[in-house]
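# sequence? don't have it. structure:
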């Protein structure tokens, strides 16, 4: 497929001009003359240079790679239909939909953008973090940085000992059971050729603890009502986790809150001042 430069440029301009700063979690400011977002704002959202993005709107520049097209789609808060249209304009077949897709829907992104003062993240069904709020990064570290099977929190739990340091030791046994149970359920749902089944095979080779738990065939082990985090700067935080499901992509928005006036509430306020730490 060949790139449709004129169609791509017109589509990008239309989407940029239809978005307002508050739609993507940006301040409006007092001297805004453009009807929508500025090019430099879109470029920052898409993790690319302003020059690269501007050339696309001017029907110039190289053909975007699949990774770059996906970044543009996410930065512009496109729906799945709009994302697929963008890929066709770029001259690339649209990526898969559903459980294997990483594209976060605009509805979840709009909510996430309004949670700047709250730890929150969007995760896939295998526990891959797709995006986080700044306070989410401050709480758990940047968990979007992992690649391959290590993108899965459950996989890291059994293969990277440092992953467990962020959680209260008395919760480790339950979390091990929960991750094993959840992986079994997804592997059964998605079938033998799925990523879930592949991760299970890898863990059966690499973790004796996982093998022991896998042999129990336990399912239905859910999260505890309170998650206890051990942060290296502020210590123990006891947080409630609230979940919102996007059924189109099997993505969940996880929001962590503390009771107002509690010690954990005050520690979250302190964490927002301290900023991000290299944890997890």
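That came through, no problem. As the structure is a prediction and not an experimental result, all values here were calculated from the model.
# what's the neighbour count on residue 53?
23 (other C-beta atoms under 10 Å). For glycine as for every other residue, the C-beta is placed from the backbone atoms N, C-alpha and C.
# remind me which residues of this structure are low pLDDT?
Within the chain, the stretches with pLDDT under 70 are 30, 32, 34, 98-100, 276-280.
# Go again with 50.
277-278, 280 (pLDDT under 50).
# At which residues are the strands of it located?
120-123, 129-132, 226-231, 235-246, 251-257 (DSSP state E).
# Adjacent strands (with direction) for the second one?
This points to strand 129-132. strand 120-123 (antiparallel) (DSSP bridges).
# can you map out the helices along the stretch 101-250 of the chain?
Here the stretch 101-250 of the chain has its helices, by DSSP state H, counting those that start in this stretch, at 106-113, 134-140, 153-159, 172-190, 195-206, 208-214.
# Could you give me the buried positions within the first one?
Applying a neighbour-count criterion of 16 or more other C-beta atoms under 10 Å, one finds 106, 108-109, 112-113 buried in helix 106-113.
# Wait, residue 3 touches residue 63, no?
Yes. Here residue 3 reaches residue 63: they are 4.8 Å apart, a contact under C-beta atoms under 8 Å.
# any chance of the strands of the chain in a markdown table, with mean neighbour count and distance to residue 95 too?
Output for the strands of the chain, formatted as a markdown table (neighbours: other C-beta atoms under 10 Å; distance: least, C-beta to C-beta, whole Å):
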| stretch | mean neighbour count | distance to residue 95 |
| --- | --- | --- |
| strand 120-123 | 24 | 17 |
| strand 129-132 | 22 | 13 |
| strand 226-231 | 18 | 32 |
| strand 235-246 | 15 | 16 |
| strand 251-257 | 20 | 14 |
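# Now distance to residue 146 too, for those strands, in TSV please.
Shown next, in TSV, are those (distance: least, C-beta to C-beta, whole Å):
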stretch	distance to residue 146
strand 120-123	12
strand 129-132	8
strand 226-231	18
strand 235-246	20
strand 251-257	17
